[in-house]
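A.B. asks: just to be clear, the model below is a prediction. Sequence and coordinates:
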Protein chains: 2
Amino acid sequence: MATGPDGQNELENIDLNPAKKFAEELRGDPMAGWLTVPVDRAELLKIKQTAEAVNQNSEYLVCVGIGGSYLGHKAIIDALIPKSKTKILYAGNNLSTLSLKKVLDEIDGKDFSVNVISKSGTTLEPSLAFEVLKKKLMERYKDEDRVKSRIFATTDARSGALHDEAEEKGYTTFVVPDNIGGRYSVLTAVGLFPLAVAGVDIDKLLFGATAEKDEFMTNLAKNSNVPSELAPLSYATIRQKYHGKYHDVEILASFEPELQTLQEWWKQLFGESEGKDGKGIFPASVIYTTDLHSLGQYLQQGRRNIIETFLKIPLEGYNDIAERATIAAHKEGKIPVFEIGVKQLDEENLGRLIYFFELSCAISAKIQGVNPFDQPGVETYKKNIKSML
Amino acid sequence: MATGPDGQNELENIDLNPAKKFAEELRGDPMAGWLTVPVDRAELLKIKQTAEAVNQNSEYLVCVGIGGSYLGHKAIIDALIPKSKTKILYAGNNLSTLSLKKVLDEIDGKDFSVNVISKSGTTLEPSLAFEVLKKKLMERYKDEDRVKSRIFATTDARSGALHDEAEEKGYTTFVVPDNIGGRYSVLTAVGLFPLAVAGVDIDKLLFGATAEKDEFMTNLAKNSNVPSELAPLSYATIRQKYHGKYHDVEILASFEPELQTLQEWWKQLFGESEGKDGKGIFPASVIYTTDLHSLGQYLQQGRRNIIETFLKIPLEGYNDIAERATIAAHKEGKIPVFEIGVKQLDEENLGRLIYFFELSCAISAKIQGVNPFDQPGVETYKKNIKSML
């Protein structure tokens, strides 16, 4: 559902044709590998078997990665709270010595393995954390062979610093595909290996994403004009319509605190895909009802430059009532509101949601006139830090 | 320091006179009680003695409150990570049954007390959680007298549902002053009691805020025109200058994950004070370097409608270099940048920072032409939820 500031149904007079054209265009894009939800059967089997071995011998798996290398799988784990013998921890996603120390304290004296996730192997944060964790592994397991059996490298198939180290030392490796960028990579080995270790049913996750894709592609092929049948195109078209009208903040709202990392994943996906050439909707997030008592005032009566997208999962009792009351209040406050329904918070429906957002995002960036798959702006910071080191 | 989009020093040609006039005006405002950092000696003594008793008999203190009733003290505790015999937990700050269950599981079989913080006692979230926690207390301690000795109510001095219940049942009470609103209340009993229990040196915290106030008031009295001597006015003046130029998002950036709740407190303070009458800068936050790999691209090259305020604490090694590299990169990206220095992450300097932000915020709202102390917009949601219940 999409409601404009005056309560009108935005889906009524929507023109999906530009978005359809971009969806067709996407098929030929060398960075849209995620579009077909590709699954390499041999890689998937290796992921599952390796995950099982890690479950047998490790109380912890420390995932070392930043940005697209950790947000997607952490999002799913936090949303599902799966029960597994192995607990997933995260390192190398900041430069805080305190954060790293907490991880080292938690694994101290315990059995653990490390999954380092980096296309190049040269990103500063994971590189530093990986060095520390290799020392910790050596301290605990003493012997090089035992250490290397506990390191799993998810990296480029053919080249790069991490690829080369993995080959030299003999780590088990998984592949970051060349045609899928970090922020679109959660349904590749980048996300699937830690998810499998965490006890997430990755077959169901992939099934959900594939089902979402199949339904979309079928409706696209029959040239549907029903907005709900091409929901990713509808969402992309309407948000860009508001972007054109100086709505420059989009808030992803949820009533379940466990969805916070999913919101962070969404922020990277959209912010990094669209924030370029002086354009883009700034992505923000809120957790209700907590943030009703903080940003609620702004949303109700502040500058009318906001779009609000509600991630609607089945809620219990008061929280369900609060959701309805909030959506109604913000519509009264003349905020354009999207409502994205998630039938159940389970693997299948999260797979669907991920595919929905990835496709919407790529189309939305194309409507905006920017490349959904590059991130030229991060170079300035990297150049500065290199010159300072 | 304040740098405009073309690298110019914003402090050079600043006119502080309008802000000075508003600072004078503030003294007469019936809701600016926080302006003088008032300390009731008897209340302070009672807070410390009660906190000591809680430290003796409780492994946990569960704070029940939402918005301004919990964000300020949680911000300080998360930033300082004090060591105390008593661990602070939070409840009643959302409607998630899962969140409440986690708290109940953690305190199960342990000695605990409850601090319920609510001016009226009728806010939905804390009311519901308080009922559950009272049952939990009765389950564990069996007897009414033992239960009531473990409940501390921070509420209105004279009336309201919680005041009346506290009086009837005989809970120990602390006062939410009439002339200080929730988002400005952290340096009253609202924050001071849980902080004292957590092992924070509340004298030093109050000393810092008072020192910041005294220095400011002295400089105001001598009619200084040195921007750094009236830093809250400088910050307020410049951010409103950019607000007038359609910069409608301000990002509070930090390189230390432990400052995240402080950023949330800041978001409520500014968002709720300024977001009204169709105006206001939308407050957002980032934790670097994590978010450089997520929102970094947008900040570098997205829509130029952003102000970025760096909360600069002393950092170690790589994190310090990353901070300098980021500030330089975002200046190159033509973002107006504020740099707010915090000498040490300790009680005194956090007290100073809190006062700095509260004063800046009140002045900034007044420059914007709105009341810094009301929140009329939250009524729509409350009205809706009442009609649905």
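C.D. replies: The structure has been received and is ready for your questions. Owing to the predicted nature of the structure, the values given are computational and were not obtained by experimental measurement.
A.B. asks: do a quick rundown of the strands in the stretch 1-150 of chain A.
C.D. replies: A:2-3, A:60-64, A:87-91, A:112-117 (DSSP state E, counting those that start in this stretch).
A.B. asks: closest to residue B:240 out of those?
C.D. replies: Among those, the nearest to residue B:240 by C-beta to C-beta is strand A:2-3 (32.1 Å). Any C-beta I mention is one placed from the backbone N, CA and C, and that applies to glycine too.
A.B. asks: what sits up against the closest one?
C.D. replies: Strand A:2-3 has contacts (C-beta atoms under 8 Å, 6 or more residues apart in numbering or on different chains) with A:9-11, A:234-235, A:238, A:331, A:336-339.
A.B. asks: how does it look with 6 Å?
C.D. replies: Contacts to strand A:2-3, defined as C-beta atoms under 6 Å, 6 or more residues apart in numbering or on different chains, come from residues A:10-11, A:238, A:331, A:337-338.
A.B. asks: most neighbours among those, please name it.
C.D. replies: residue A:337 (24 neighbours; other C-beta atoms under 10 Å in any protein chain shown).
A.B. asks: so what's that residue up against?
C.D. replies: Taking C-beta under 6 Å, 6+ apart, one finds A:3, A:308, A:330-331 in contact with residue A:337.
A.B. asks: ok so, going back, dump the strands of the stretch 1-150 of chain A to CSV, plus mean neighbour count and mean pLDDT.
C.D. replies: Formatted as CSV, these follow (neighbours: other C-beta atoms under 10 Å in any protein chain shown; pLDDT from 0 to 100):
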stretch, mean neighbour count, mean pLDDT
strand A:2-3, 22, 92
strand A:60-64, 25, 98
strand A:87-91, 21, 98
strand A:112-117, 27, 98
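A.B. asks: to residue B:88, which of the ones you listed lies closest?
C.D. replies: Closest to residue B:88 of the strands of the stretch 1-150 of chain A is strand A:87-91 (C-beta to C-beta; 23.6 Å).
A.B. asks: just checking: what are the partner strands of that closest one?
C.D. replies: strand A:60-64 (parallel) (DSSP bridges).
A.B. asks: so how far is the strand it pairs with off the chain centroid?
C.D. replies: 18 Å (C-alpha atoms, centre = their mean, to the nearest Å).
A.B. asks: one more: stretch A:198-210?
C.D. replies: Its chain's C-alpha centre and that of stretch A:198-210 lie 14 Å apart, by C-alpha atoms, centre = their mean.
A.B. asks: how about residues contacting that stretch?
C.D. replies: By C-beta under 6 Å, 6+ apart, the residues outside stretch A:198-210 that reach it are A:37, A:39, A:77, A:82-84, A:88, A:187, A:192, A:195-196, A:347-348, A:351-352, A:355.
A.B. asks: I'd like the average pLDDT over the helix or strand hosting residue A:387.
C.D. replies: Using DSSP states H and E, residue A:387 sits within helix A:378-388. For helix A:378-388, the mean pLDDT works out to 86.
A.B. asks: kindly report the same for stretch A:165-176.
C.D. replies: 98.
A.B. asks: in that stretch, what's buried?
C.D. replies: Of all the residues in stretch A:165-176, those buried under the rule 16 or more other C-beta atoms under 10 Å in any protein chain shown are A:165-166, A:171-176.
A.B. asks: mind checking which of those residues are in strands?
C.D. replies: Among those, the ones falling in strands (DSSP state E) are A:172-175.
A.B. asks: a markdown table for those residues, including distance to residue B:375?
C.D. replies: As requested, those are exported to a markdown table (distance: C-beta to C-beta, whole Å):
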| residue | distance to residue B:375 |
| --- | --- |
| A:172 | 55 |
| A:173 | 54 |
| A:174 | 50 |
| A:175 | 52 |
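A.B. asks: just the closest of the residues you listed to residue B:219, please.
C.D. replies: For those, the nearest to residue B:219 is residue A:174 (60.2 Å; C-beta to C-beta).
A.B. asks: the spatially closest residue to residue A:127 that is not a sequence neighbour - how many residues pack around it?
C.D. replies: Spatial nearest neighbour of residue A:127, excluding adjacent residues (C-beta to C-beta, 6 or more residues apart in numbering or on different chains): residue A:121 at 7.0 Å. Neighbours of residue A:121 under the rule other C-beta under 10 Å: 20.
A.B. asks: can you give me the distance of residue A:121 to residue A:163?
C.D. replies: As for residue A:121, its distance to residue A:163 is 7 Å (criterion: C-beta to C-beta, to the nearest Å).
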